[in-house]
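>>> Give me a model of this one.
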Amino acid sequence: MKNKAYKLVEKGAHGSRINLTFDYAIMALIVLNLIAIIFESFPNINDSFRGFLRVFEIVTVIIFTIEYILRIYVSDLTHPAKSRYRSILKFVFSIYGLIDLIAIIPFYIPFILAIDLRFIRILRLFRFFRILKINRYNKSLKLIWSVIKEKKHELAITGFVTLLTLLIASFLMYYIEGEAQPDKFPNIIASFWWAIATLTTVGYGDVYPITGLGKFVSGVIAVLGIGLVALPTGLISAGFIEKINKPVRKIKKCPHCGHDIDM
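Got it, this is the predicted structure:
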């Protein structure tokens with residue numbers, strides 16, 4: 001029974017037709033959830049189909065909950081550990097485990113805790129994160145995720161350098177423009193917003209320097225932003241090229257002895 005459950009939730013791409021049907025059904029349900037969230041943002045549609053959307057939400061949560069329980073059930077196969085308890089914890093706190101939990105937990109929280117209605121509305125926004133579940137069933141998204149994982153150290157360094165540059169720019173502009181524009185640069189946090197808009201070269205125009213030194217610093221930050229923003233894109237692009245050009249290892253069975261032979 002456990003092996004069948006394992007093949008159902010984990011081996012769809014290499015299993016029987018029923019395994020693939022399960023994968024496609026979950027993907028379709030995730031996409032339909034996203035469509036339902038979009039429809040709810042239209043007052044007329046939400047008022048007319050409120051009952052249907054609520055029933056759809058309940059059915060969806062039940063299916064996702066069953067899937068989550070099945071994944072916990074086979075966690076000793078998917079996340080081997082020294083004990084059953086550790087396997088469960090290993091799955092629950094894995095990336096996919098957390099995504100699966102976020103997909104269902106907002107529905108159950110109001111039944112467990114008496115919370116403010118405004119907070120419930122915020123929790124309902126977490127339903128959007130169900131779209132992340134589709135990463136498990138889509139090869140293209142898996143490729144993106146694997147590239148990001150391989151380049152995580154380089155991306156972390158780039159992110160740290162970018163954050164450091166933003167902080168330095170915020171400090172400089174606060175002390176340069178603070179006296180000239182106390183309403184636009186009242187503190188370093190407010191200056192941080194200017195730094196983000198400038199470093200990313202978006203330039204909304206709601207906050208900008210008026211002093212000569214401020215304009216000079218702003219120009220330097222804008223030029224630096226061109227390179228810093230392009231770095232993560234270059235790293236991920238390089239990772240994709242490496243993945244695409246990586247030779248595929250083909251294995252063939254020897255007709256005489258049955259051993260694997262590299263082709």
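>>> going forward, measure contacts between C-alpha atoms and count neighbours the same way
Will do.
>>> Look up how far Val220 lies from the closest residue to Tyr73 other than its chain neighbours.
Distances taken as CA to CA, 6 or more residues apart in numbering place Lys2 nearest to Tyr73, at 7.5 Å, with adjacent residues excluded. Here the criterion is CA to CA, to the nearest Å. By it, Lys2 lies 60 Å from Val220.
>>> I'd like to know how many residues surround the residue nearest to Tyr73.
13 (other CA atoms under 10 Å).
>>> Ok, Thr21 next?
Thr21: 14 neighbours (other CA under 10 Å).
>>> got it, and Ile157?
12.
>>> which strands and helices sit next to the one helix or strand it maps to?
Secondary structure assignment for Ile157, by DSSP states H and E: helix 152-177. Here helix 152-177 touches helix 188-199, helix 212-245, going by 3 or more CA pairs under 8 Å, 6 or more residues apart in numbering; DSSP states H and E.
>>> mean confidence score for that helix?
On average, the pLDDT along helix 152-177 is 86.
>>> so it versus helix 212-245, what angle?
170 degrees (axes from the mean of the first three to the mean of the last three CA atoms, to 10 degrees).
>>> Next, count neighbours for Arg17.
Residues near Arg17, counting by other CA under 10 Å: 11.
>>> Relative to Tyr24, how far out is it?
Arg17 is 11 Å from Tyr24, by CA to CA.
>>> Identify the residues contacting the helix or strand containing Asn3?
Using DSSP H and E, Asn3 falls within helix 2-10. Helix 2-10 is touched from outside by 15, 18-19, 22-23, 67, 70-71, 73-74, 77-78, with contacts defined as CA atoms under 8 Å, 6 or more residues apart in numbering.
>>> And whichever strand or helix holds Tyr96, what's buried?
Per DSSP H and E: Tyr96 is located in helix 95-112. Residues of helix 95-112 classed as buried: 97, 99-107 (neighbour count, 16 or more other CA atoms under 10 Å).
>>> Same check on stretch 164-172?
Going by neighbour count (16+ other CA under 10 Å), the buried part of stretch 164-172 is 165-172.
>>> Identify, from the residues you listed, the entry nearest to Leu32.
Leu166 (39.2 Å; CA to CA).
>>> so how far is Tyr73 from Ile88?
From Ile88 across to Tyr73, the span is 8 Å (CA to CA).
>>> higher neighbour count, these two?
Taking other CA under 10 Å, Ile88 and Tyr73 do not tie; Ile88 has more neighbours (22 against 17).
>>> angle of the strand or helix carrying that one against helix 95-112?
Per DSSP H and E: Ile88 is located in helix 84-92. Inter-element angle recorded for helix 84-92 and helix 95-112: 90 degrees (by the same axes, to 10 degrees).
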